[in-house]
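*Asks:* Give me the fold of what follows.
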Amino acid sequence: MRNIYLVGFMGTGKTAVGRVLADKLSRRFVEMDQLIEKQENKEIKDIFAENGQEYFRKLENQLLKKLSSQSNLVVSCGGGVVCNQDNLDILQNTGYVFSLSASPNSIFERIKGSNHRPLLNGANPLEKIKELLEIRKLFYKKAGIKIDTDNLSVEDVADYILKLLENG
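*Replies:* Purely as a prediction, here's the structure:
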């Protein structure tokens with residue numbers, strides 16, 4: 001059975017929705033960032049600080065290739081995974097891709113106080129969110145079926161994805 005990939009910006013609900021969806025479908029849930037942290041034996045923020053974003057993106061691509069060779073997974077992808085055309089091709093050729101979105105303010109409210117978001121470390125995280133969303137907008141748009149999570153619960157999003165899968 002094809003994998004289900006959840007893509008989107010940080011704070012859009014990929015991990016929370018993925019866990020619920022995997023449970024409802026009796027599938028294994030995989031969170032890419034957690035697997036990379038385990039593999040590298042360090043947190044994402046430390047990988048970025050010590051090795052840079054380019055190194056992290058290579059790790060992400062290698063992991064995605066491994067995961068895509070498996071089946072029946074629900075995968076929460078890193079927020080920037082779709083910015084690489086090779087990754088986008090892998091996602092679309094090996095599974096169903098759902099692009100979760102939320103407004104910059106919702107994202108900020110969901111992730112404020114989190115110190116493990118290396119791309120948001122700086123003076124004005126809300127502005128950085130807006131900037132990154134603008135840069136990635138087209139990638140998320142072409143990645144898969146868009147679902148706005150602003151006014152939906154995790155359960156609602158999971159149930160909506162289930163309906164979409166059932167209806168083909």
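*Asks:* From now on I want contacts and neighbour counts done on CA atoms only, so please keep to that.
*Replies:* Noted.
*Asks:* Now do the helix or strand hosting Ile135, average pLDDT.
*Replies:* Taking DSSP states H and E as the criterion, Ile135 maps to helix 125-143. For helix 125-143, the mean per-residue pLDDT is 90.
*Asks:* all strands for this structure, in order.
*Replies:* 3-8, 28-31, 73-76, 95-101, 145-148 (DSSP state E).
*Asks:* deepest of those strands, which one?
*Replies:* Ranked by mean neighbour count, these are led by strand 3-8 with a mean of 26 (mean count of other Cα atoms under 10 Å).
*Asks:* Residues in contact with it: which ones?
*Replies:* For strand 3-8, contacts defined as Cα atoms under 8 Å, 6 or more residues apart in numbering pick out 14, 18, 68, 70-82, 91, 94-101, 140, 143.
*Asks:* Report the angle between it and helix 125-143.
*Replies:* Calculated by axes from the mean of the first three to the mean of the last three Cα atoms, to 10 degrees, strand 3-8 forms an angle of 140 degrees with helix 125-143.
*Asks:* Give me the distance from strand 3-8 to the chain's centre.
*Replies:* Mean-position distance between strand 3-8 and its chain equals 7 Å (Cα atoms, centre = their mean, to the nearest Å).
*Asks:* Return the set of buried residues in the helix holding Ile135.
*Replies:* The neighbour-count check on helix 125-143 (16 or more other Cα atoms under 10 Å) flags Pro125, Leu126, Lys128, Ile129, Lys130, Leu132, Leu133, Arg136, Phe139, Tyr140, Ala143 as buried.
*Asks:* Would you quantify the distance from the fifth one to Ile107?
*Replies:* Right, Lys130. Using Cα to Cα, to the nearest Å, Lys130 is found at 10 Å from Ile107.
*Asks:* what do you get for the fourth one?
*Replies:* Separation of Ile129 from Ile107 (Cα to Cα): 8 Å.
*Asks:* likewise the third one?
*Replies:* Spatial separation of Lys128 from Ile107 under the definition Cα to Cα is 11 Å.
*Asks:* need the helices for the protein, in chain order.
*Replies:* Remark: helices assigned in the chain by DSSP state H are 14-25, 32-40, 44-51, 53-68, 85-94, 104-111, 125-143, 154-166.
*Asks:* For the fourth one, buried residues please.
*Replies:* Of the residues in helix 53-68, those with enough neighbours to count as buried (16+ other Cα under 10 Å) are Gln53, Phe56, Arg57, Leu59, Glu60, Asn61, Leu63, Leu64, Lys65, Leu67, Ser68.
*Asks:* on that earlier part again, redo the buried residues of helix 125-143 as JSON lines? Include distance to Val7.
*Replies:* As requested, those are exported to JSON lines (distance: Cα to Cα, whole Å):
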{"residue": "Pro125", "distance to Val7": "21"}
{"residue": "Leu126", "distance to Val7": "20"}
{"residue": "Lys128", "distance to Val7": "19"}
{"residue": "Ile129", "distance to Val7": "16"}
{"residue": "Lys130", "distance to Val7": "17"}
{"residue": "Leu132", "distance to Val7": "15"}
{"residue": "Leu133", "distance to Val7": "13"}
{"residue": "Arg136", "distance to Val7": "11"}
{"residue": "Phe139", "distance to Val7": "10"}
{"residue": "Tyr140", "distance to Val7": "7"}
{"residue": "Ala143", "distance to Val7": "8"}
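*Asks:* All set, thanks.
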